[in-house]
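K.L.:
Take a look and give me a structure for this.
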Amino acid sequence: MAVLFIENTMHDPDSTWNDQTRISSIVPLYGIDDSVDAYSFELEQNGVNNGYIVVSTNPKQKLIQEFAYTAEPVYSEVLNLESTTSEYGLQKFEQERSSDSQKIYYTGGLHYYTSEDDSFSPLFEVENSQKITSYDEFQTQEISNKTEEEIDNSELLNMLDMIKNFNLEEWLVGYSGQHGDSGYGNIYDPITYVQSKYGAGYTMNRQGTISHASIKPHIQQNFEPNFPGVNNCSMSVITTIFEYYRNIGYTNINSSLSGLYSDVRTIGVKYGYTPLDGTSPTKMNNIVNDVWKKYGYSGTGSNQYLYSFDTFTAEIDNRRPAMFNLAYGYYSNHSITVVGYREFKKTEANKARFLKEFDNWTTNDRYVDYNSLTESTVGSVTLIRP
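P.N.:
Okay, the predicted model is just below:
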């Protein structure tokens, strides 16, 4: 709901929110019975405070209780608590407030309280804010400050139901050099990312890449524009790699990008591809082998279920892009094109390893943190060799 509100409001004349606005921390706000009545979503933009949004957990109340484009929440200023900036930080932020003395109680309309010895003290002096000495008084304050009539939130809730492929991680603050808190993925500047996540002292140890002059990124949706949200990442990757081989001299391959995709897709359908469900990773080698045969080459496709970072470096060093099929995490059930690698080294035991890749969602280069990936996901590699 907070993200939906940001997107619907960012174009207002007074708004300072834009596509760089991110959620830096999520703070629970408690009611009379110690249940979470609302959440405060603290925002920032490129490391600078960008306001906050308070969202009610009660669909019968006004869902957006309050918001600010630039101001910090009342409780942050009074309690002087630092915001957190990672998934681990968010967990710590919750734990620090687990005791009653650290809980923030909220009755709506800038009325924030802390609790001590069964009394509630306001954090900000506004009209009708006074120390409350009993739970009955707190309940009365809560009722008076929140709307007694039921609010019709059906339009907003219906908009939520229509949101497809929503990824909260993209809206969380991640490490520097990364868009959002995207786990192992969505990294655009590996050097900055290494400094932010792993610290100082790392230098380039080895790297390799296939030039953009011979391999081009594509957006998967553009191949099948009549199927919004099409699940054709594997078809897109195979098309991208065969286009590369066409560019470096395998001239029997269809020179039309749309014609090449059509050829790949036709073979993919034979092995179970649909725009809705995509393709099973176990069939990638079959599709690749048939594409090579169609164009009169003896090239091969092979699926590797046991692989390492060096599996990718060997392919790139031999000028062969690889297909990486991921099962979990940021690229869950998604295939990407690996076109390079970078390895930074601090000591022999401390290396930060990255795969350079095209993710089918943008035409910009992206990187995968291989160290994080091996801890959080499984997948397979399809080697496509002429």
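
K.L.:
only C-alpha atoms for contact and neighbour calcs from this point on.
P.N.:
Noted.

K.L.:
Flag the shaky bits of the stretch 201-350 of the chain, pLDDT-wise.
P.N.:
Along the stretch 201-350 of the chain, the model assigns pLDDT under 70 to no residue.

K.L.:
what do you get for the stretch 51-200 of the chain?
P.N.:
Within the stretch 51-200 of the chain, the segments meeting pLDDT under 70 span 77-102, 116-120, 123-173, 180-181.

K.L.:
how does it look with 90?
P.N.:
Low-confidence segments of the stretch 51-200 of the chain (pLDDT under 90): 56-67, 70-184, 186, 196.

K.L.:
if I read this right, Gly51 contacts Ala68, doesn't it?
P.N.:
Yes - between Gly51 and Ala68 there is a contact under Cα atoms under 8 Å: 4.9 Å.

K.L.:
Please say which of the two ends up with more neighbours.
P.N.:
Legend: neighbour count by other Cα atoms under 10 Å for Gly51 and Ala68, higher for Gly51 (21 against 16).

K.L.:
helix or strand right after the helix or strand that contains the more buried one?
P.N.:
Element membership of Gly51 [criterion: DSSP states H and E] is strand 48-56. Note on strand 48-56: by DSSP H and E, the next helix or strand toward the C-terminus is strand 64-68.

K.L.:
which helices and strands sit right next to that following strand?
P.N.:
strand 48-56 (3 or more Cα pairs under 8 Å, 6 or more residues apart in numbering; DSSP states H and E).

K.L.:
Sheet-wise, list the partners of the strand it packs on with their directions.
P.N.:
strand 36-45 (antiparallel), strand 64-68 (antiparallel) (DSSP bridges).

K.L.:
List the buried residues in it.
P.N.:
Asn49, Asn50, Gly51, Tyr52, Ile53, Val54, Val55, Ser56 (16 or more other Cα atoms under 10 Å).

K.L.:
Please apply the same query to stretch 252-265.
P.N.:
Judged by neighbour count (16+ other Cα under 10 Å), stretch 252-265 contains these buried residues: Ile253, Asn254, Leu260, Tyr261, Ser262, Asp263, Val264, Arg265.

K.L.:
again, but for stretch 224-231
P.N.:
Under 16+ other Cα under 10 Å, the buried positions of stretch 224-231 are Glu224, Val230, Asn231.

K.L.:
buried stuff in the lengthiest strand in the chain?
P.N.:
Determined from DSSP state E, the single longest strand within the chain is strand 334-347. Going by neighbour count (16+ other Cα under 10 Å), the buried part of strand 334-347 is 334-346.

K.L.:
mind saving the C-alpha coords of that strand as CSV?
P.N.:
This file holds the C-alpha atoms of strand 334-347, laid out as CSV (Å, rounded to 0.1, in the frame of the first residue of the first chain):
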residue,chain,number,x,y,z
HIS,A,334,14.2,-16.7,-14.3
SER,A,335,16.9,-17.1,-16.9
ILE,A,336,19.7,-14.6,-17.6
THR,A,337,22.6,-14.3,-20.1
VAL,A,338,26.0,-14.3,-18.5
VAL,A,339,28.4,-12.2,-20.6
GLY,A,340,31.3,-11.6,-18.2
TYR,A,341,32.8,-11.8,-14.7
ARG,A,342,34.8,-9.8,-12.2
GLU,A,343,36.7,-11.0,-9.1
PHE,A,344,38.0,-8.7,-6.4
LYS,A,345,40.5,-9.9,-3.9
LYS,A,346,41.5,-8.7,-0.4
THR,A,347,43.2,-11.9,0.7
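
K.L.:
can you pull the buried residues of the helix or strand where Ile6 lies?
P.N.:
Assessed by DSSP H and E, Ile6 sits inside helix 2-9. By neighbour count on 16+ other Cα under 10 Å, the buried set for helix 2-9 is Ala2, Val3, Ile6.

K.L.:
how about Arg366, phi and psi?
P.N.:
Taking degrees, to the nearest 10, you get phi -130, psi 160 for the backbone angles of Arg366.

K.L.:
Quickly note the distance from it to Phe223.
P.N.:
20 Å (Cα to Cα, to the nearest Å).

K.L.:
So which residues make contact with stretch 294-313?
P.N.:
Contacting residues not belonging to stretch 294-313 are listed as 208, 252-253, 282, 284-289, 292-293, 322, 338, 340-341, 353, 355, 370, 379-386 [Cα atoms under 8 Å, 6 or more residues apart in numbering].

K.L.:
now, which of the residues you listed lie within helices?
P.N.:
Judged by DSSP state H, the subset of the contacts of stretch 294-313 located in helices is Met284, Asn285, Asn286, Ile287, Val288, Asn289, Trp292, Lys293, Tyr370.

K.L.:
Now the buried members of those.
P.N.:
For those, buried by 16+ other Cα under 10 Å: Met284, Asn285, Asn286, Ile287, Val288, Asn289, Trp292, Tyr370.

K.L.:
Out of those, which is nearest to Tyr330?
P.N.:
Nearest to Tyr330 among these is Tyr370, at 12.6 Å by Cα to Cα.

K.L.:
Let me see the confidence value for that closest one.
P.N.:
For Tyr370, the model assigns a pLDDT of 95.
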